[in-house]
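In: Structure for this input, please:
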Amino acid sequence: MKSIVILKNKELISNIILLLFGIILLFFPIESISIATKIIAGILIIAGLSNIIYFFIDKESKNKMDTIYFLLSLIAIGVGIYTFIRPTWLITTINIVVGLLLVITSLINLKYLLKYTTKNKLWWVFMIITCLILILGIIAIINPIKVASIITRLEGISLIFDAIMSLLIIKKYTKLLKESV
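Out: Presented below is the predicted three-dimensional model:
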């Protein structure tokens with residue numbers, strides 16, 4: 001029974017943390033993205049620096065691969081520093097690339113849908129979905145920061161609901177355990 005109480009307490013703490021994290025993502029999406037991006041930048045800088053230090057410490061194996069890793073480490077440090085200074089560039093770039101992929105694939109899908117509409121009775125459903133994907137891709141290209149903000153808020157809402165559901169399940173499970181004893 002003691003292990004169940006410990007497990008319950010761990011679950012309570014982790015779900016309260018998830019709930020708070022969800023609230024932060026919901027109300028501070030851009031700041032949350034900025035902090036996460038700066039953490040990624042810090043990891044890039046640390047990884048690059050550690051590879052460069054290792055390059056100079058390891059005197060035995062100076063081959064072409066080590067030189068390539070050295071150059072890649074310099075690039076990682078540069079990208080990390082730039083990302084730390086301007087954290088929104090990474091999110092903007094990612095959303096624009098995703099938006100371009102959505103636009104390209106939806107245009108290809110539209111081409112095939114128009115070509116083979118007579119072979120499928122539900123062609124109009126696929127047409128609506130493809131057009132929605134096309135519109136979302138265009139929005140991601142035009143306003144990538146707003147899209148990132150919306151996605152972050154949706155993630156926050158998901159975390160809040162997940163934490164609340166888990167807390168309710170823990171409460172119900174604890175009640176059932178007490179009744180069975």
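In: To what extent is Thr93 buried, counted in neighbours?
Out: When neighbours are counted by other C-beta atoms under 10 Å, Thr93 registers 11. Using the backbone N, CA and C atoms, a C-beta is placed for each residue, glycine as well.
In: helix or strand right after the host helix or strand of it?
Out: Secondary structure assigned from DSSP states H and E places Thr93 in helix 88-115. Beyond helix 88-115 on the C-terminal side, the first helix or strand identified by DSSP H and E is helix 123-142.
In: for that following helix, which positions count as buried?
Out: Phe126, Thr130, Ile133, Leu134, Leu136, Gly137, Ile139, Ala140, Ile141 (16 or more other C-beta atoms under 10 Å).
In: where's the dip in pLDDT among the residues you listed?
Out: Lowest pLDDT within the buried residues of helix 123-142 is found at Phe126 (85).
In: you'd agree that residue is up against Asn120?
Out: Yes - at 7.2 Å, Phe126 and Asn120 qualify as touching, with contact defined as C-beta atoms under 8 Å.
In: what's near enough to touch Gly48?
Out: Contact analysis of Gly48 by C-beta atoms under 8 Å, 6 or more residues apart in numbering lists Ser73, Leu74, Ile75, Ala76, Ile77, Gly80.
In: Leu19 now?
Out: Neighbours of Leu19 in contact, by C-beta under 8 Å, 6+ apart: Leu159, Ile160, Ala163, Ile164, Leu167.
In: any idea of the pLDDT on the fourth one?
Out: When you say that, I think you mean Ile164. 93.
In: Show me the residue sitting in the middle of the chain in space.
Out: Thr152 (8.5 Å; C-alpha atoms, centre = their mean).
In: How is that one classified with respect to secondary structure?
Out: helix (DSSP: H, G, I helix; E, B strand; the rest coil).
In: Pro29 is in contact with that one, correct?
Out: Yes - Thr152 lies in contact with Pro29 (C-beta under 8 Å); the separation is 3.7 Å.
In: Any stretches of the protein with poor pLDDT?
Out: For the chain, residues meeting the criterion pLDDT under 70 lie at 1, 59-65, 117-119, 181.
In: how about 90 then?
Out: Counting by pLDDT under 90, the ranges of the chain that qualify are 1-12, 51-70, 87-91, 94-95, 109-127, 166-181.
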